[in-house]
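A.B. asks: Provided below for reference: sequence and predicted model.
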Amino acid sequence: MKTTLPVILTFLAGFLMLFGFFIPHYPFNELQSTTLNWGMIISGFTMILGIASLIIHHYFKIARKVRDWQFSIIVYVSYLAVFIVGMVFGINNGLALDPTPTGFVYFYVFEPLQATMFSLLAFYIASASYRAFRARNFEATLLLIAAIIVMIGRVPIGKAIWIYFPDIANWIMTVPNAAAQRGIILGIALGAISMSLRILFGIEKPYMGSSK
Amino acid sequence: MQSKVLYLPFLVLLFFFSPALATLPFDICAVDNPNDAGTTLLVSWKCKDPEFAKIYPEIMIQRKEVGYKKAIIMGCIEGSEQMQPVAIVKCKEGPARFKAIDVGPEGKFIVLQGDNKTIEKIEGNNLTSIIEKLSKNKDLEVTLVNRNLRLSQNTFAFNDYETIHKAPSAEPGGKEDKELISGRNYTYRIIALNASNVETVDYVESLPAQPVAQWFNTGRINILVGVLLFASLIILFIQVAKRGKDLYIRKIAGLSAVDEAIGRATEMGKPILFVPGISGIADIETMASMVILARVSNKVAEYDTPIFVPCCDPIVMTTAQEIVKEGFLRAGRPDAYNPDYVNFITQDQFGYTAGVNGLMMRERPGSIFLLGYFAAESLLLAETGHETGAIQIAGTAQASQLPFFVTACDYTLIGEEFFAASAYLSREPVLMGTLIGQDMGKIVIIGLIVIFAILSLLSHFGVLGFNPSVVFTIE
Amino acid sequence: MDIVKLMKIDRRILFVFIFLSVLIPFFLKCNIPVGESPETEALFRYIDNLPEGSIILISTDYDMASRPELYPMAKAIIRHAFMKGHKIVSICLWPNGVGLAENSVTEVAAKLNEKRPEDKKLRHGKDYLITGYRAGVAIVIMSIGDSFSRTFGTCASITENIDGKKTTIPSISLDDHHRLPIMKNIKNYDSFKLTIPFAAGASVDAWIEFAGARYHQPVALGVTAVSAPRYYPFFPNQIVGLVGGLKGAAEYENLIKNPDWATKGMDAQSAAHILIILFIIIGNIAYFISIKKK
């Protein structure tokens, strides 16, 4: 029963959604949006699970004084600080010209932190390409040449060096790249459909904590 | 656009059999939209006299619900006198005939009158309570349009016809009229406007049409055929595999390396880090990730290797907890499971990335699995992982992130390889069958691409009289 | 120095070079001409050819992390639309993008208003509308197909610079056509001549699938450079234009002849690209020498 019921539920829910796609008649036409709405409401409540996990996890770290437990205090302090500012001052109106304390946190704490994480990408791309782009064999050499042409062609200096660089780079993006992307997307879509069918038929049950 | 073209023959037939009540030189007809939930009608019109169109360059298309009268309670916003609809009240025509809705002096009450008697009289100027009381009358249908207005004096509008569209009169046109009620009858009429926007007194009206809900959307028959074909191929090959036929799957290096990666971390006495991506459990990639986590957690339980699964989504966290716990249970070592293995970090993309990168640098795992949905954080995670010297296996269906994983990880599962994990790792005939069925589906698609590419070329050069891509049009 | 050692160079040295290559061009101002790609130009022509007064729907589906790439792009396109007399409706599908959705439109409007007479000034509710955030991404995109006003209900409360004074305009019901005259002509996708999501995530697919395929709405994309290659297969049949990354933004600024932050960033991007190419070449030389030595 413990395993049969979820499989039956999955099967029924999955097929009802599938029917909803083909049957425009009520109630099938509204199944998808209703289910999505339920999903949104449930996911709101699951945040409680997440926050509880976060708080308990760090509580034990501090209580047991495990390695680097000091970081857990930072988690608590920053969590409470943002929470209190949000609760006391609310979400402000007119963020653009007149930020309130919540807007201040948004613009002067949240924004630089996010931008910092994202901008690390520039550095990591440099180190990864330095390490990985080696002309080891024919395919790797081809990839290397294509990468260099696209990199040059996609910046203004490329045109200044040779007028045809942007055109060649654009051709690489719109012809070979688009063709390969289409192939990969088709393969991925088929793989996803096949996986969905396995889950629908109960051949695979990852949602139950088991692959079999 | 294509779908409307398909209805044209219906409309032409309807013109033929149902001449409208013509006083203006127009044909107008309304038909049910064949593939909907019974809430739309297709209205089309055509001017028969080009000279008339020159004098009256614009037309209005108006709709009436047959057998119903409609009144609109009007209101306005504080400080303004511009009227807007507050609520729409509809009443059946018949014995209790619906005459009018009126707002009394100073907006203190609303009176709804029937034939020589009052149907409803509601006092007060609280809009919400008035609407609530009106809604309780079973003879009425009340739709609230805007509760943010206040009622004002003498502000009811009463109409049979409402304008739904304006168009130039010279050109034939069509309109999909939405949000109608299934099973009711509607008529449409055309009124012409001259250059000074003066309406004609005459009009031309269509025959009544009824929106009917359908039980099958014929515009999606191509998808149904595709789904059935694909599903039957998969079921067929599951049966073939069950009969014991040896099915071949090419070597997938990334999946073959899963056990090696776990073994290496164990030998080094280091933990394993499993990152399930940043999406929710409804995402098929997260599902695929959970399948591999089941396999990995079983192995780590056998080897007694710590595993960390930081999650970006609370539901994924709960699922991952169950999977890891069961892995330890199946390995016969439930006591070795540590609740700290699976925890939630944050739902914020880069906050999560920072958290996982911190974990990598502190714990220095022996093996890292990056499996699931990843976006811009893919390289941030993979490069930091590389810095720790761990063996890295990545897999995602996000085509734009694959180059980053290929560059920074030891093994990358590209798209469908990632979804093939369960079959590949378990070698169970049923799962293997689904993989072979999937490949057969791909062969069918390749065949279709070739055939339709040729047909499109023929169509392009005028050899074929139609556009073959119509077959793939989805409504 | 043994060149083979270069293969195992400390990556922090590379980081210093990258940092300098991004920083220095900001002070040098080389101003290399930007040029334009066919995908960006397609969008420019599309907006240029729309009849005056067309309403364009833009969606802010990104947050601070992608701001450097997508914000200049959004500003350039909004500026172009306003210059051509079009109207803008700005929605937001990412909770952390609310401020960006508002700023991108109000900043451009404020800048253009400086040179306009009082009666031609761009105003919220008349020439543009900011709705704020709605949760549900795909559900919101589908829901606009039925009714825009029911999907969003009210506009966002925003701060406008009116006569040199910061004036906070409260949240207004979208049904209030008196104070939001722009809403008179907005019902659903049929009311918009073009939809442009500025997106850093997966919402782009939903825009193409639902707004584009299902509701036959012309869709153009403003996406990050990382995700742009993924959307090339959709151009020009499923999308009318594609502006990718800071380069795309600079191209657009160039097309509207208003060089701004994206154009300034191009010198830095050029330098960084050249530097990475140099790294790759040095890495390969070291690699071949190490093979020969073996």
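C.D. replies: Cool, got the structure.
A.B. asks: Would you mind confirming that B:L371 makes contact with B:T412?
C.D. replies: No. Using Cβ atoms under 8 Å as the test, B:L371 is too far from B:T412 to be in contact (10.4 Å). Where C-beta positions appear, they are placed from N, C-alpha and C, glycine not excepted.
A.B. asks: The residue in the stretch 151-294 of chain C that chain A sits nearest to in helix, strand or coil?
C.D. replies: At 2.9 Å from chain A, C:T159 is the closest residue in the stretch 151-294 of chain C, using Cβ to the nearest Cβ. At C:T159 the chain is in strand, as set by DSSP: H, G, I helix; E, B strand; the rest coil.
A.B. asks: Kindly report the same for B:I59.
C.D. replies: strand.
A.B. asks: Show me what it is bridged to.
C.D. replies: B:A167, B:A192 (DSSP bridges).
A.B. asks: can you tell me how far A:F19 sits from chain C?
C.D. replies: According to Cβ to the nearest Cβ, to the nearest Å, A:F19 and chain C sit 18 Å apart.
A.B. asks: elements contacting the host helix or strand of that residue?
C.D. replies: According to DSSP states H and E, A:F19 maps onto helix A:4-22. The contact analysis (3 or more Cβ pairs under 8 Å, 6 or more residues apart in numbering or on different chains; DSSP states H and E) places helix A:4-22 against helix A:31-63, helix A:178-200, helix B:221-242.
A.B. asks: run the last query once more with 7 Å
C.D. replies: On a contact count with 3 or more Cβ pairs under 7 Å, 6 or more residues apart in numbering or on different chains; DSSP states H and E, helix A:4-22 meets helix A:31-63, helix A:178-200.
A.B. asks: What residues sit buried inside the longest one?
C.D. replies: Right, helix A:31-63. A:31-32, A:36, A:39, A:43, A:46, A:50, A:53-54, A:57-58, A:61 (16 or more other Cβ atoms under 10 Å in any protein chain shown).
A.B. asks: Give the next helix or strand downstream of it.
C.D. replies: Next along from helix A:31-63, by DSSP H and E: helix A:70-89.
A.B. asks: wait, does that next one contact chain B?
C.D. replies: No. Between helix A:70-89 and chain B, judged by Cβ under 7 Å from any Cβ of the partner chain, nothing touches; the nearest distance is 7.5 Å.
A.B. asks: Against which helices or strands is the next helix-or-strand element following that helix packed?
C.D. replies: Per DSSP H and E, the first helix or strand lying C-terminal to helix A:70-89 is helix A:101-105. If you count contacts as 3+ Cβ pairs under 7 Å, 6+ apart, helix A:101-105 packs onto helix A:70-89.
A.B. asks: give me every residue that touches the residue lying closest to B:G277 once chain neighbours are set aside.
C.D. replies: Using Cβ to Cβ, 6 or more residues apart in numbering or on different chains and skipping residues adjacent in sequence, the residue nearest B:G277 is B:G372, 2.3 Å away. Taking Cβ atoms under 7 Å, 6 or more residues apart in numbering or on different chains, we find B:G372 in contact with B:276-277, B:279, B:285-286, B:289, B:396.
A.B. asks: how close does B:G372 sit to B:T319?
C.D. replies: 12 Å (Cβ to Cβ, to the nearest Å).
A.B. asks: Could you do B:G173 as well?
C.D. replies: 53 Å.
A.B. asks: Of the two, which one has the most company?
C.D. replies: B:T319 (24 against 17; other Cβ atoms under 10 Å in any protein chain shown).
A.B. asks: Pop out the phi and psi values for the more buried one.
C.D. replies: phi -60, psi -50 (degrees, to the nearest 10).
A.B. asks: Surely it touches B:S289?
C.D. replies: No. Applying Cβ atoms under 7 Å as the test, B:T319 and B:S289 come out as separate, 10.0 Å apart.
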